[in-house]
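Visitor: what shape does this take:
(one chain, ligands or ions: 1)
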Amino acid sequence: MNRLDGKVALISGAARGIGAETARLMAKAGAKLVLGDLLDERGREIAQAIGATARYVHLDVTREADWQAAATLAVGVFGGLDILVNNAGIFTGRSIEEATLEDWNRLVAINMTGVFLGTKLALPALRERGKASPHGSAIVNLASIAGLVGSQLDPLYSMTKGGVTLFTKSAALEFGRKGYRVRVNSIHPGVIETDMGAQTFVARARAHLGSNDVAAAKEISRSTHPIGRLGTPEDIAKGIVFLASDDAGFMTGAGLVVDGGLTAQ
Ligand code: NAP
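Guide: Predicted coordinates for the structure are as follows:
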């Protein structure tokens, strides 16, 4: 189950957090990997720890030329591309009144333009490999629960993730209509213990407690998850591996919610 033997995956934002854990789990599942990030040293370390089946490439998701180079590397070194994980993303933790136009433009560039460019520039290679694969190639987009319900902490982040949620469905429809064998799905994490998760505790302390008490804010955050704990990068990486695998062969245009029950209430 959930095996990726013989498949090649490209992951953005793979130097840390959910992206790095996804790289590790995909390697264990048998995939060959191209890892992209801005953090070159950390990204190279992750790729080296995985071994000869992983390569690192500098990938700023807002730059078309970087995406082209990453897709070309996957095809040149590993012979093709079966899986794209649009993982890179940022969070500002600013209210509508605090946020500047620069904050918004940066969020849009990384969280939305990055997903559009990745999809567009990886598509030719994904289509090619999809022709011969029993269940086609796969794109997995990192949305968020903030792409399903509103966010009290970062309304602008929520707007970008809502965009990713519907772009996922629209891309699935377009590729289906055109007969491309490329499935497109999104994943919607609850609060996950990564550097971004830590940023949300700082924002929550400020917004809800009017203080810097990050430990108290983290406890509030934990208590909103009915399952009784915060998520780990592995919780999300397992969902990404599933969506990328042939076990999800009848899924496209869907959103997998992995949030400890947060949006069930
Ligand atoms: P993270 O720990 O902050 O890691 C994100 C990675 O993306 C970092 O290595 C970051 O590098 C990289 N990145 C940022 N801008 C980039 C760019 N322009 N090009 C390429 N890489 C870039 O975040 P995470 O928690 O693993 O989140 C991964 C994804 O899950 C994001 O899309 C996020 O919105 C989503 N998500 C996270 C949570 C959560 O609670 N953690 C919840 C819901 C959804 P730098 O350090 O250089 O910025």
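Visitor: what's the separation between Ala244 and Ala9?
Guide: Using CB to CB, to the nearest Å, we find Ala244 at a distance of 7 Å from Ala9. In short, each C-beta sits where N, CA and C put it, glycine included.
Visitor: next one: the lengthiest strand in the chain to chain centre, how far?
Guide: Determined from DSSP state E, the single longest strand within the chain is strand 182-189. Taking CA atoms, centre = their mean, to the nearest Å, one finds strand 182-189 lying 9 Å from the centre of the chain it belongs to.
Visitor: contacting residues for Leu84?
Guide: 9-10, 118-119, 122, 126, 137-140 (CB atoms under 8 Å, 6 or more residues apart in numbering).
Visitor: residues near Asn86, how many?
Guide: Asn86: 28 surrounding residues under other CB atoms under 10 Å.
Visitor: how confident was the prediction at it?
Guide: pLDDT, Asn86: 99.
Visitor: and for His225?
Guide: The model's pLDDT for His225 equals 98.
Visitor: correct me if wrong: it contacts Gly190.
Guide: Yes: counting by CB atoms under 8 Å, His225 does reach Gly190; the two are 5.7 Å apart.
Visitor: more neighbours: which of those two?
Guide: Per other CB under 10 Å, whichever of His225 and Gly190 has more neighbours is Gly190, with 25 against 17.
Visitor: what's the burial count for the closest residue to that one other than its chain neighbours?
Guide: Excluding the flanking residues, the one nearest Gly190 by CB to CB, 6 or more residues apart in numbering is Asp259, at 3.1 Å. Neighbour count for Asp259, taken as other CB under 10 Å: 24.
Visitor: now do Glu41
Guide: 9.
Visitor: contacts only, for it.
Guide: Counting by CB under 8 Å, 6+ apart, Glu41 has no contacts.
Visitor: circling back: need the overlap of contacts for Ala244 and Ala9.
Guide: With CB under 8 Å, 6+ apart as the test, Ala244 and Ala9 both reach 26, 31, 83, 85.
Visitor: out of those residues, the closest to the ligand would be?
Guide: Nearest to the ligand among these, counting by CB to the nearest ligand atom, is Val85 at 9.5 Å.
Visitor: element containing the closest one, please.
Guide: According to DSSP states H and E, Val85 maps onto strand 83-86.
Visitor: correct me, but Ala74 touches Ala31?
Guide: No: with contact defined as CB under 8 Å, Ala74 does not reach Ala31; the gap is 11.1 Å.
Visitor: between those two, which contacts overlap?
Guide: Joint contacts of Ala74 and Ala31 (CB under 8 Å, 6+ apart) are Val8.
Visitor: the ligand contacts on the protein?
Guide: Residues of the chain lying close to the ligand by CB under 6 Å from any ligand atom are 12-13, 15-19, 37-39, 59-62, 87-90, 110, 142, 144, 189, 191-192, 194-197, 200.
Visitor: tell me the strands in the stretch 1-150 of the chain, going along the chain?
Guide: Counting by DSSP state E, counting those that start in this stretch, residue ranges of the strands within the stretch 1-150 of the chain are 8-12, 32-37, 54-58, 83-86, 137-142.
Visitor: possible to save these as JSON lines with distance to Met159?
Guide: Formatted as JSON lines, the strands of the stretch 1-150 of the chain follow (distance: least, CB to CB, whole Å):
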{"stretch": "strand 8-12", "distance to Met159": "20"}
{"stretch": "strand 32-37", "distance to Met159": "24"}
{"stretch": "strand 54-58", "distance to Met159": "28"}
{"stretch": "strand 83-86", "distance to Met159": "17"}
{"stretch": "strand 137-142", "distance to Met159": "15"}
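Visitor: can you give me the domain boundaries for the chain?
Guide: In terms of domains, the chain is parsed into 8-190+233-258, 191-230 (source: automatic domain parsing).
Visitor: nearest to Gln265, of these?
Guide: Nearest of the domains of the chain to Gln265, taken as CB to CB: domain 191-230 at 6.6 Å.
Visitor: what are the buried residues along the closest one?
Guide: 191-194, 196-197, 199-201, 203-207, 213-214, 217-218, 221-222, 225, 230 (16 or more other CB atoms under 10 Å).
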